[in-house]
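**Q** Below are the sequence and a predicted model; questions follow.
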Amino acid sequence: MTTVTAPDAPPGATAAIRKARGGGFWRYLLVRFLLIFPTIFILVSLVFFLMRLTGDPITASLGDRLSPDQLAERIHAAGYDRPLIVQYLEYLANIFTGNFGSSITDGRPVTEILLTYGSATLELAIYALIVAFIVGIPLGMVAAYFRDRWGDAALRIFAILCYATPVFFAGLVLKLVFAVWLKALPVAGRASTRTELKLQQLDDPTGIYLIDAIRTGSSSAITDVLTHAVLPALALGLLTAGVFLRLVRTNVIGTLSRDYVDAARSRGVREYRLVRRHALKPALVPIITVIGLQIAMLLGGAVLTETTFEWKGLGFQLAEYLSKRDFVAVQGIVALLAVIVALTNFIVDLIAAILDPRVRY
Amino acid sequence: MSTETQTPAPEKAARVRPPWWNRLPVLQQLRQSVGLQRGMLIVGLVITSVFVLVAIFAPLVAPYGYNQLRGPDGLFGAQQPPSPEHLLGTTVGGYDVLSRVIWGAQTALLVILVAIVLSVFIGIALGLLSGYIGGWFDRITIVIADAIYAFPSLLLAIVAAIVISGGQSSLWGGILAAAISITVVFIPQYLRVVRAEVVRVKSEAFVESARVIGASNRRIMFRHVLRNSTRTLPLVITLNSSEAILTLAGLGFLGFGIEPSAAAEWGYDLNKSLSDVTSGIWWTSIFPGLAIVLVVLGITLVGESLNDLADPRLRARRKPAKTPAQAVAAEKPVAREEMGDVV
């Protein structure tokens, strides 16, 4: 969706494209870059107006705790009694300077919330992507190799199951089996209290616990952090693994019928080598593009995974603010995530364009 | 099972029209499928029908009401393990798990139906206009649709749910809130699919001829273009139904569900069972979770099979058809890439 491929280009066109490579590439880059702004603008405006339809955020979060006079005073102080269009323009200007507002319930700036908890979500997302790659890509190749046989069917059902299981249910089951019944892994959290204290003593912590733990040099801290990450990473990673599996399978099957693969087959190259050496690489390019869409899905999944495992990241915070009906914080976090999604989509498009010249217009 | 049914080509279907029951979206594919693919399709259809039946007949099937707390012998009691009276135990709030799982099917079905009907109508209308009118209107709609599509759908649904209900609500309020939240996320997909088809069909000769004989724009749009632009819809609808259930469950899990006194909702029950799991109480979470997995699995199996059957690269090869017949089968893929989906 984010990229436009041109499979219908006539065969002679590739030479022309290669010739015009410099101009085409930069032009493509510029168009993609400029598209970030309307995307962010649309999403931020959409969120702003939708949220404002509910009425002012102060009544929503504090309405049952303050008297009407106090409410009116707070609403006036925060400027929510001004015309909507004024508030909107001010909001846009603020976002432009990187100010996403402050939460109502605890008064923390949203940007600070992001800096504190963003690293936790990033860490979880990276682990999940690693799980997805390790599980999804080899299994996708196996499924393509056993195409239309029982191995293929079993793997495809596994892929659909990955998709069909909500992350929080996968999380609950993993927790029940490995943490509660087998007692092999911790139930929740990012690290034990002792390790967390140790990590806080570091000056200038990165917030990515694994890096911090390695910096403390204590092997018990590293194991502690890693064991806490296993279940959340699996729960979130399997969701994406299913997508990768299907994608690799479809694309490898597609490339296996190409002429050059036929040529290799006629030279006597074994089937598994064909899959591994000839068909896999072209099949990986679409994955790069899909990762872009997966980032959005990962962020959505992270909200649920973090809530299940009390993993104190952005998603966990978002759920907390949601339950407190603190809609300024929700709006801020959501708008911020929109910016992140738009930026990652641009980067993914860029990488895809470098890897595959056909992607460019 | 003759070779005739193997041709999905509209040209041929127009010449020898098979009886209407063979042209129904799902049945046609069922006849077309072979081997494992047919197995997957049948399993999917069976699970989906059981789900629909359970949802419709929930009042007859469920042993208790979804909000029933006491039986003839007094209160059910909270977190009771499975027993003859409560086959799947009771929840933390003292409800019967089996009954809530069964009633949950009804809620899920209602949400799917409302969400799909809304998004199909709005999406088709926008896609038709966007593709047919073209120009600036088209470009702006597409940029907006793409922006919404790129956004994490759950977050968007959360925002929509806040707007509609401000959180929890009654049965119909909750169902509408969930359905509309899901609709907001789905409209861009229908818009994309229909628009792509409209743009393709618009340049076909029969549209040109209709214009030449002086048909009005409205007639061309609805009679000639729209009628020929809906072939991918059954596929998108099945895929979206399963997504709708997941989104509903996600909303429920984050506390935007429907109050337990108003209806049963699987995601809400899972949220309430979060703390049970830590103390080893498994029956309150496993069963509603399994219900979600099974229903999504069933619907996705149907959707996947439809997708594969429409895509000649993925269609299981019929044994005798290793000859030129394959070329026939290779006509017009309705691959998911065409609807802008990369999965």
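**A** Great, that's in hand.

**Q** quick one: low-confidence parts of chain B?
**A** B:1-26, B:28, B:34, B:74, B:165-171, B:257, B:311-343 (pLDDT under 70).

**Q** and the stretch 151-300 of chain B, which residues reach chain A?
**A** Counting by Cβ under 8 Å from any Cβ of the partner chain, the stretch 151-300 of chain B comes close to chain A at B:151-155, B:158-160, B:162-163, B:166-167, B:192, B:242, B:246, B:249-250, B:253-256, B:267, B:270, B:273-274, B:277-280, B:282, B:285-286, B:289, B:292-293, B:296-297, B:300. The C-beta positions use only the backbone N, C-alpha and C, and glycine is treated the same way.

**Q** redo that, cut-off 6 Å
**A** Residues of the stretch 151-300 of chain B lying close to chain A by Cβ under 6 Å from any Cβ of the partner chain are B:151-152, B:154-155, B:159, B:162-163, B:166, B:246, B:249-250, B:253-255, B:277-278, B:280, B:282, B:285, B:289, B:292-293, B:296-297, B:300.

**Q** Now intersect those residues with the helices, please.
**A** Of the positions in these, B:154-155, B:159, B:162-163, B:246, B:249-250, B:277-278, B:285, B:289, B:292-293, B:296-297, B:300 sit in helices, assigned by DSSP state H.

**Q** Report the buried members of the residues you listed.
**A** Neighbour-count burial (16 or more other Cβ atoms under 10 Å in any protein chain shown) applied to those gives B:154-155, B:159, B:162-163, B:246, B:249-250, B:277, B:285, B:289, B:292-293, B:296-297, B:300.

**Q** Pull out the buried positions in the helix ranked longest in chain B.
**A** Among the segments of chain B that qualify as a helix by DSSP H, the longest is helix B:97-133. Within helix B:97-133, the residues scored as buried using 16+ other Cβ under 10 Å are B:97-112, B:114-116, B:118-120, B:122-124, B:126-132.

**Q** Considering only these, which also neighbour chain A?
**A** Of these, not one also sits near chain A (Cβ under 6 Å from any Cβ).

**Q** Name the residues of the longest helix that chain A contains that come out as buried.
**A** Secondary structure of chain A read by DSSP H shows that its longest helix is helix A:219-256. Across helix A:219-256, burial judged by 16+ other Cβ under 10 Å covers A:221-222, A:224-225, A:228-256.

**Q** just the residues you listed that are near chain B?
**A** Restricting the buried residues of helix A:219-256 to those touching chain B (Cβ under 6 Å from any Cβ) yields A:243, A:254.

**Q** Show residues contacting stretch B:57-69.
**A** Stretch B:57-69 is contacted from outside by B:54, B:94, B:96, B:99, B:100, B:102, B:103, B:106, B:261, B:264, using Cβ atoms under 6 Å, 6 or more residues apart in numbering or on different chains.

**Q** cool, stretch B:72-89 as well?
**A** With Cβ under 6 Å, 6+ apart, stretch B:72-89 has contacts from B:90, B:92, B:94, B:96, B:97, B:98, B:281, B:283, B:287.

**Q** Low-confidence stretches in the stretch 251-361 of chain A?
**A** Along the stretch 251-361 of chain A, segments meeting pLDDT under 70 span A:356-361.

**Q** wouldn't residue A:333 be in contact with residue A:319 here?
**A** No: using Cβ atoms under 6 Å, residue A:333 and residue A:319 do not qualify as a contacting pair, with a distance of 10.2 Å.

**Q** quick one, phi psi at residue B:70?
**A** Dihedral angles of residue B:70 (phi, psi; degrees, to the nearest 10) stand at phi -140, psi 150.

**Q** Tell me, how many residues neighbour it?
**A** 11 (other Cβ atoms under 10 Å in any protein chain shown).

**Q** Can you read off the backbone torsions of the closest residue to it other than its chain neighbours?
**A** Leaving aside its sequence neighbours, residue B:70 sits nearest to residue B:76 (Cβ to Cβ, 6 or more residues apart in numbering or on different chains; 6.5 Å). Dihedral pair for residue B:76: phi -70, psi -30, per degrees, to the nearest 10.

**Q** what about residue B:76, neighbour count?
**A** By the measure other Cβ under 10 Å, the count of residues near residue B:76 is 21.

**Q** quick one, phi psi at the residue most central in space within chain A?
**A** Per Cα atoms, centre = their mean, the C-alpha nearest to the average position across chain A is that of residue A:295, at 2.7 Å. Per-residue torsions, residue A:295: phi -60, psi -40 (degrees, to the nearest 10).

**Q** isn't it right next to residue A:344, touching?
**A** Yes: applying Cβ under 6 Å as the test, residue A:295 and residue A:344 come out as touching, 4.7 Å apart.

**Q** residue contacts, the spatially most central residue of chain B?
**A** Centre of chain B computed as the mean C-alpha position; nearest residue by Cα atoms, centre = their mean is residue B:241, 1.4 Å away. Residues near residue B:241 by Cβ under 6 Å, 6+ apart: B:112, B:299.

**Q** Can you tell me how far it is from chain A?
**A** Computed with Cβ to the nearest Cβ, to the nearest Å, the distance linking residue B:241 and chain A is 12 Å.

**Q** which SSE is that residue in?
**A** In this assignment (DSSP states H and E), residue B:241 forms part of helix B:233-251.
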